[in-house]
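Undergrad: Pasted the sequence and its predicted model underneath.
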Amino acid sequence: MSPAEVRAIAIATLKSIAPEVEEDELRSDRPLRNQVDLDSMDWLNFLLGLHQKLKVDIPEADYAKLVTLDDVVGYLVARMS
């Protein structure tokens, strides 16, 4: 799966949790939680949603590595190949 496809799935998953998200306004290099104002439960639901859709395990120990949208996409793509 290409990074663009993974990014689209990540944004769709994010929108399922925070429907007010405007894709055009997201900055790939800025902390995602701050941009979208996700609390810890929303963030966990986002990561679990990605796990369910992409079948990629995301151990809790790796959560701190997933800060920006670029981080999330890169992490997922690396684990899918």
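TA: Thanks, I have it. Numbers count the residues shown, from 1 in each chain.
Undergrad: Compute the number of surrounding residues for V21.
TA: By the criterion of other C-beta atoms under 10 Å, V21 has 19 neighbours. Just so you know, the C-beta spots here come from the backbone N, C-alpha and C atoms, and that holds for glycine as well.
Undergrad: Would you mark the buried spots in the lowest-mean-pLDDT helix or strand in the chain?
TA: Using mean pLDDT, DSSP states H and E, helix 32-36 stands out as the lowest-scoring helix or strand of the chain, at a mean of 92. Buried positions in helix 32-36, judged by neighbour count with 16 or more other C-beta atoms under 10 Å: 32-33, 35-36.
Undergrad: closest to A61 among these?
TA: R33 (18.0 Å; C-beta to C-beta).
Undergrad: Hmm, the closest one is touching L44, no?
TA: No: with contact taken as C-beta atoms under 8 Å, R33 and L44 are classed as non-touching, separated by 11.1 Å.
Undergrad: ok, V6 to L32 distance?
TA: Here the criterion is C-beta to C-beta, to the nearest Å. By it, V6 lies 14 Å from L32.
Undergrad: Pull the distance from the helix or strand that comes right after the least confident helix or strand of the chain to the chain's centre.
TA: Downstream of helix 32-36, the next assigned helix or strand under DSSP states H and E is helix 40-54. Remark: helix 40-54 is offset 8 Å from the chain centroid, using C-alpha atoms, centre = their mean, to the nearest Å.
Undergrad: elements contacting helix 40-54?
TA: Helix 40-54 is packed against helix 3-17, helix 69-80, with contacts defined by 3 or more C-beta pairs under 8 Å, 6 or more residues apart in numbering; DSSP states H and E.
Undergrad: if we can go back for a sec, which residues sit against the least confident helix or strand of the chain?
TA: The contact list for helix 32-36 (C-beta atoms under 8 Å, 6 or more residues apart in numbering) reads 14, 18, 21, 25-27, 38, 43, 67-69, 72.
Undergrad: can you do 7 Å?
TA: 14, 18, 21, 26-27, 43, 67-69, 72 (C-beta atoms under 7 Å, 6 or more residues apart in numbering).
Undergrad: Return the member of those residues nearest to K53.
TA: When those are compared against K53 (criterion: C-beta to C-beta), the nearest one is L14, at 11.5 Å.
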